[in-house]
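Visitor: Fold the following.
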Amino acid sequence: MLHKKIKSHYENKTYCKITRSVGKVDLLIHGYIIGYSDDFILLHENDDFVFNGYSVLPIDQIKKIRFNNYDKYFHQIITWEGLIDKIGINYAVDLTNWTSVFNSIKAQKLNVIVECEDPYFDSFTIGPIIKASTKRISIQNFDPSGYLDEKPTKILFENISRVCFDDNYANVFSKYLRHRKAKTKAK
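Guide: This is a model prediction of the structure:
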């Protein structure tokens, strides 16, 4: 049933609200499904009539997809505002598995936000992709001051609940990244 809804939203280019169950919490995200596979969806996020980046979400964490009268009217406003033509993506993202997802994004030279939203892990990692193996991703995380960590952060695929890219936060922040100055020893 869920795969039928995903396919319908993808084919009909309709707005939807998605409830995800991550750990013991439910999380809400909304936008347009612009790609899917057996295991993932690619969502073009929309918040308050503004498109802001893309998210790759594991289907096994999706609890429900809503398209009620409120969502239908929201979709109609998107159409009236002429925003419907902004739905989509300018590059290919291979949704076969996490490795292919990350390699596709890395090929575009985009930084990513990798979230492990389960309260047990509760991590937010942002930065350039260093390497995607068969079980984990390595990212050169940067902190809120724009400093890149010296060592990459490694995240197991099984802990990832959301991967965001090409959003305003990551794109703007990425323009101002800096490296820490090497410490020199006193003589």
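Visitor: who's Thr153 bridged to?
Guide: Counting by DSSP bridges, Thr153 forms beta bridges with Ile139.
Visitor: biggest strand in this protein, by residue count?
Guide: strand 25-36 (DSSP state E).
Visitor: Direction included, what does that strand pair against?
Guide: strand 15-22 (antiparallel), strand 40-47 (antiparallel).
Visitor: Convert the C-alpha atoms of the first one to CSV, please.
Guide: What that stands for is strand 15-22. C-alpha atoms of strand 15-22 as CSV (Å, rounded to 0.1, in the frame of the first residue of the first chain):
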residue,chain,number,x,y,z
TYR,A,15,2.3,17.5,-2.5
CYS,A,16,2.4,15.3,0.6
LYS,A,17,3.1,15.2,4.3
ILE,A,18,5.1,12.2,5.4
THR,A,19,5.2,10.9,8.9
ARG,A,20,8.4,9.0,9.7
SER,A,21,9.0,6.8,12.7
VAL,A,22,12.6,7.1,13.9
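Visitor: How far does it sit from its chain's centre?
Guide: 13 Å (CA atoms, centre = their mean, to the nearest Å).
Visitor: Can you list the neighbours in contact with it?
Guide: 9, 26-33, 43, 46, 57, 61-67, 71-72, 74-75, 78, 117-118, 161 (CB atoms under 8 Å, 6 or more residues apart in numbering). No exception for glycine: its C-beta is placed from N, CA and C like everyone else's.
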